[in-house]
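In: fold the following for me, if possible:
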Amino acid sequence: MNKTKKLVFTLLSLVFVICMFTVTASAATYKYNNQNLEIKTEGDWQYVFLTEAALTDADKEMGINAGEVYITKYTGTAASVNVPSVLGGKSVSTIGKVSFKENKAVQTVTVSSSVKYID
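Out: Numbers count the residues shown, from 1 in each chain. The predicted structure follows:
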């Protein structure tokens, strides 16, 4: 019985020590104009918030602003898709060039009026 108690105590101590050293997973990123932006997910949409550092002069000339949303991927299975005007509480301004590339289900896409540019 004494050996069992020691073994249990040792195992619990080991679990406690392991729990103290939690590993934090790094967030997925999307490279936009040589800037790594953190990918966010809302429903079937993956997107990034554009930063001032990521914007080019051409982006700014098109009226794209820091804080706006750039859609990186649609992961849903709907044949008919409506691009939302807002994701993460911010205006969707750009749809990335590969947002629908690997999605075989999508047949039609309706773009919201907030979208200023399709990459």
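
In: okay, now the unreliable bits of this protein?
Out: Flagging of the chain using pLDDT under 70 yields the residue ranges 1, 4-26.

In: try it again at 50.
Out: Filtered on pLDDT under 50, the chain yields the residue ranges 8, 11-12, 14, 17, 19-24.

In: now the helices for it?
Out: With DSSP state H as the criterion, the chain has helices at 2-20, 57-61.

In: now do the buried residues in the last one.
Out: Along helix 57-61, these residues count as buried under the neighbour rule (16 or more other Cβ atoms under 10 Å): residue 59. C-beta coordinates here come from the backbone N, C-alpha and C atoms, glycine included.

In: distance check, residue 42 against residue 59.
Out: Going from residue 42 to residue 59 by Cβ to Cβ, to the nearest Å gives 22 Å.

In: spit out the contact partners of the closest residue to residue 51 other than its chain neighbours.
Out: Nearest non-adjacent residue to residue 51, counting by Cβ to Cβ, 6 or more residues apart in numbering: residue 66, 5.6 Å away. Shown in contact with residue 66 (Cβ atoms under 8 Å, 6 or more residues apart in numbering): 50, 51, 52, 54, 55.
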